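A.B. asks: My questions concern the predicted model and sequence given below.
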Amino acid sequence: MAEHYTVIAPDNRGMGDSSLAPNADYPAASMASDLEGLLSFLNINKIFVFSYDKGVGAAVALAAKKPSLVQALAVSENALPGFGYESL
């Protein structure tokens, strides 16, 4: 994929190499704003997003907030509120 696209894989707040603040609450909207800031800094204005696990909320929030930025969205391994296993 990297032959044809620029691939970035940022660590969300409190995940990976990012430190977790004590008593921190990281809502999806805040993490989406972080991603928006990173993309702006990198001068990227159209993206295809794949997100999994705990990054799904941020990816969905970013797509909802900036539909002109997110050209396509694919998510995996995370339930969305209101769409639990019992409703599948």
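C.D. replies: Cool, the structure landed. All figures in this text were calculated on a predicted structure; none of them were measured in a lab.

A.B. asks: Setting the sequence-adjacent residues aside, check what's closest to the residue nearest the centre of the chain.
C.D. replies: In the chain, the residue lying closest to the centroid (Cα atoms, centre = their mean) is Ala59, at 3.0 Å. Distances taken as Cβ to Cβ, 6 or more residues apart in numbering place Ser51 nearest to Ala59, at 3.5 Å, with adjacent residues excluded. In this view, the C-beta of every residue, glycine as well, is placed from N, C-alpha and C.

A.B. asks: Name the residues that touch the helix or strand the one you found falls within?
C.D. replies: Following DSSP states H and E, the helix or strand that holds Ser51 is strand 47-52. Counting by Cβ atoms under 8 Å, 6 or more residues apart in numbering, strand 47-52 makes contact with 5, 39, 58-60, 62-63, 69-78, all of which sit outside it.

A.B. asks: Please apply the same query to stretch 63-75.
C.D. replies: Counting by Cβ under 8 Å, 6+ apart, the neighbours of stretch 63-75 from elsewhere in the structure are 29, 32, 36, 39, 45-52, 56, 59-60, 62.

A.B. asks: buried sites along stretch 65-76?
C.D. replies: Applying a neighbour-count criterion of 16 or more other Cβ atoms under 10 Å, one finds Leu69, Val70, Leu73, Val75 buried in stretch 65-76.

A.B. asks: before we move on, what about stretch 34-50?
C.D. replies: Within stretch 34-50, the residues that qualify as buried by neighbour count (16+ other Cβ under 10 Å) are Asp34, Leu35, Glu36, Leu39, Ile47, Val49.

A.B. asks: in terms of contact, does Ala29 touch Ala59 like I think?
C.D. replies: No: taking Cβ atoms under 8 Å as the contact criterion, Ala29 and Ala59 are not neighbours in contact, 12.0 Å apart.

A.B. asks: Tell me which stretches of the protein form strands.
C.D. replies: Secondary structure of the chain by DSSP state E: the strands cover 47-52, 70-76.

A.B. asks: Put together JSON lines for the ones you listed, with distance to Ser18 on each row.
C.D. replies: Written out in JSON lines, the entries for those read as follows (distance: least, Cβ to Cβ, whole Å):
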{"stretch": "strand 47-52", "distance to Ser18": "16"}
{"stretch": "strand 70-76", "distance to Ser18": "20"}
